[in-house]
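In: what shape does this take:
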Amino acid sequence: MNITYRRGGPEDAAELDRIFDTVFCDTFGHLYRAEDLNEFLTSFGIEDWRAQLQDPRFAVQIAEAGGRAAGFAKIGPLKLPIENERPAVLLDQLYVLKEHHGAGIARDLMDWVFDEARRRCAEDIYLTVFIDNHRARRFYDRFGFEPVGRYDFMVGKHVDEDVIMRKAL
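Out: Presented below is the predicted three-dimensional model:
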């Protein structure tokens, strides 16, 4: 299947929200009480996506397979509890629908993240990843991200331990 890439815009808000919810639930949904998962998923919706897609501090790259969105990467301003003296961006999300795993989409999206971060004159890229998400950790390790701290990631009232990772550009 032919994979194409394009920049996301406000008109993509509903589709990005759908992909985010689908991938999050497929990957982590079994870990949470229904009310915590629902609170988390409804805390950021289509209007929030639209606002970020109109905000120049954020950028989203969408992967499409057969003309349908298959995944995306989103970068934005650094908002983690970490001291950083150099220009930096946050890789806020990199999500690929399960049926497209193994197609090289995540790798291509990560290449875009590096290019976009450099275009923004960032010297560091940060991200957080759930401590037990071993597949994602291996992926980020391959790209040279290193653990630099921990982060409490809230899903409703449930606290997950995330690892803060950094890559110097």
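
In: mind telling me what element residue 125 is part of?
Out: Under the criterion of DSSP states H and E, residue 125 resides in strand 124-130.

In: ok, that strand: who's next to it in the sheet?
Out: When sheet partners are counted by DSSP bridges, strand 124-130 sits next to strand 88-96 (parallel), strand 158-168 (antiparallel).

In: now do the residue most central in space within the chain against residue 109, distance only.
Out: Computing the C-alpha centroid of the chain and ranking residues by C-alpha atoms, centre = their mean puts residue 93 first, at 0.6 Å. Between residue 93 and residue 109 the computed distance is 10 Å (C-beta to C-beta, to the nearest Å). From N, CA and C alone the C-beta is placed, and that goes for glycine too.

In: residues shared between the contacts of those two?
Out: By the contact definition C-beta atoms under 8 Å, 6 or more residues apart in numbering, residue 93 and residue 109 are jointly contacted by 72, 73.

In: once you drop chain neighbours, what's closest to the residue nearest to the centre of the chain?
Out: In space, and not counting its chain neighbours, residue 93 is closest to residue 74: 4.6 Å by C-beta to C-beta, 6 or more residues apart in numbering.

In: beta partners of that neighbour?
Out: On the basis of DSSP bridges, residue 74 is bridged to residue 60, residue 93.

In: ok, now which ones touch it?
Out: 8, 16, 52, 58, 59, 60, 91, 92, 93, 94.

In: and those residues, which is closest to residue 2?
Out: Nearest to residue 2 among those, counting by C-beta to C-beta, is residue 8 at 18.9 Å.

In: any idea how far residue 168 is from the closest residue to the closest one other than its chain neighbours?
Out: Using C-beta to C-beta, 6+ apart and skipping residues adjacent in sequence, the residue nearest residue 8 is residue 60, 3.4 Å away. From residue 60 over to residue 168 the distance is 24 Å, taken as C-beta to C-beta.

In: so between these two, which is more surrounded?
Out: Taking neighbours as other C-beta atoms under 10 Å, residue 60 and residue 168 compare with residue 60 leading, 23 against 12.

In: that one against residue 13, yeah?
Out: No: shown here, residue 60 and residue 13 do not form a contact pair, counting by C-beta atoms under 8 Å, at 9.8 Å.

In: number of residues surrounding residue 78?
Out: 16.

In: let me fix that: residue 76
Out: A total of 16 residues lie near residue 76 under the criterion other C-beta under 10 Å.

In: and it, what does it touch?
Out: The neighbourhood of residue 76, defined by C-beta under 8 Å, 6+ apart, consists of 52, 55, 57, 58, 59, 89, 90, 92.
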